[in-house]
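Asker: quick one: sequence plus predicted model below, questions after.
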Amino acid sequence: MATLEIHDLHVSVDAENGPREILKGVDLTIKQGETHAVMGPNGSGKSTLAYSLAGHPKYTVTGGTVTLDGEDVLEMSVDERARAGVFLAMQYPVEVPGVSVSNFLRTSATAIRGEAPKLRTWVKEVREAMDQLSMDPAFAERNVNEGFSGGEKKRHEILQLELLKPKIAILDETDSGLDVDALRIVSEGVNRVRSTGDVGTLLITHYTRILRYIKPDYVHVFANGRIVESGGAELADQLENEGYDKYVKGGASA
């Protein structure tokens with residue numbers, strides 16, 4: 001069973017007046033088959049956690065450890081983390097002009113699996129996954145995220161998730177910008193992957209609406225660069241009713 005262990009993680013970014021610490025000692029363990037929701041206000045450091053785990057060069061780890069099955073994730077390059085089984089669905093997916101969705105997906109699958117998927121079975125696999133996400137097959141010949149709507153970008157992220165089958169899936173505000181229908185379709189895709197029991201999921205969100213579709217095993221409140229409270233799914237309902245004020249004002253201990 002794959003396990004991602006984050007211990008006392010500190011992360012900084014460069015600012016005008018020098019390095020600014022954003023993550024101030026994050027502790028979190030995610031096992032395969034578990035779903036952890038991280039909720040918190042804007043600016044609390046949730047997305048910094050996601051991008052630091054994925055290896056974004058903007059963020060500098062100044063302390064702590066991150067391991068996947070005992071292997072040091074922080075020593076891995078971005079592509080090594082992906083091959084090890086760490087997947088990031090971005091809040092704002094980037095455009096890749098000149099690269100078709102089909103080529104992007106097959107190249108990614110080849111890198112992850114260590115060999116190119118057989119074309120006939122791969123085409124069937126992609127079409128079935130696209131159909132489940134209500135995506136037009138012609139979508140595969142478009143350039144990655146170029147001219148995509150917000151909903152199309154998020155469906156493409158979940159398409160990658162379904163095809164690449166990671167050990168740990170980090171979903172950074174996947175519900176952002178989605179209408180009700182797109183949210184339902186995207187959530188169903190996440191739940192299909194979760195139902196295999198083969199993936200540990202870190203779901204980062206502001207709001208509880210996506211948690212009506214994707215039921216977390218654990219909910220963590222993120223404020224001021226660290227996890228300040230943890231609980232079950234009922235904690236999300238409490239946040240919906242009470243908001244984050246008491247955490248932002250330092251009412252909860254780390």
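Answerer: Perfect, thanks for sending it. What you see is a predicted model, and the numbers here were worked out from it, not measured in a lab.
Asker: wait, what's in contact with the closest residue to residue 35 other than its chain neighbours?
Answerer: Nearest residue to residue 35, sequence neighbours excluded (Cβ to Cβ, 6 or more residues apart in numbering): residue 201, at 4.3 Å. In this view, the C-beta of every residue, glycine as well, is placed from N, C-alpha and C. Contacts for residue 201 (Cβ atoms under 8 Å, 6 or more residues apart in numbering) come out as 30, 34-36, 168-169, 171, 190, 193-194, 214.
Asker: repeat that with 7 Å
Answerer: Contact analysis of residue 201 by Cβ atoms under 7 Å, 6 or more residues apart in numbering lists 35-36, 169, 171, 194.
Asker: now stretch 116-135, how far from the chain's geometric center?
Answerer: 22 Å (Cα atoms, centre = their mean, to the nearest Å).
Asker: go on, stretch 77-84?
Answerer: 15 Å.
Asker: do a quick rundown of the strands in the stretch 1-150 of the chain.
Answerer: 3-15, 18-31, 35-39, 60-68, 71-72, 86-89, 96-100, 143-144 (DSSP state E, counting those that start in this stretch).
Asker: identify the residues contacting residue 141.
Answerer: Listed by Cβ under 7 Å, 6+ apart, the contact set of residue 141 reads 100, 102.
Asker: 6 Å instead?
Answerer: Residue 141 sits next to residue 100 when contact means Cβ atoms under 6 Å, 6 or more residues apart in numbering.
Asker: what does residue 102 give?
Answerer: Residue 102 touches residue 140, counting by Cβ under 6 Å, 6+ apart.
Asker: quick check, pLDDT for it.
Answerer: For residue 102, the pLDDT comes out at 93.
Asker: check residue 246 too.
Answerer: In this model, residue 246 is scored at 87, pLDDT.
Asker: helix/strand/coil for it?
Answerer: Following DSSP: H, G, I helix; E, B strand; the rest coil, residue 246 is assigned to helix.
Asker: looking at the strands of the stretch 1-150 of the chain, which is nearest to residue 129?
Answerer: strand 86-89 (14.5 Å; Cβ to Cβ).
Asker: how far out from the middle of the chain is the closest one?
Answerer: Using Cα atoms, centre = their mean, the offset of strand 86-89 from its chain centre is 5 Å.
Asker: can you mark which positions in it are buried?
Answerer: Buried residues in strand 86-89, counted by 16 or more other Cβ atoms under 10 Å: 86-89.
Asker: nearest to residue 50 among those?
Answerer: Once Cβ to Cβ is applied, the member of these that ends up nearest residue 50 is residue 88, at 6.1 Å.
Asker: not including adjacent chain positions, what is the nearest residue to residue 51?
Answerer: Residue 51 sits nearest to residue 59 (Cβ to Cβ, 6+ apart), 5.8 Å away.
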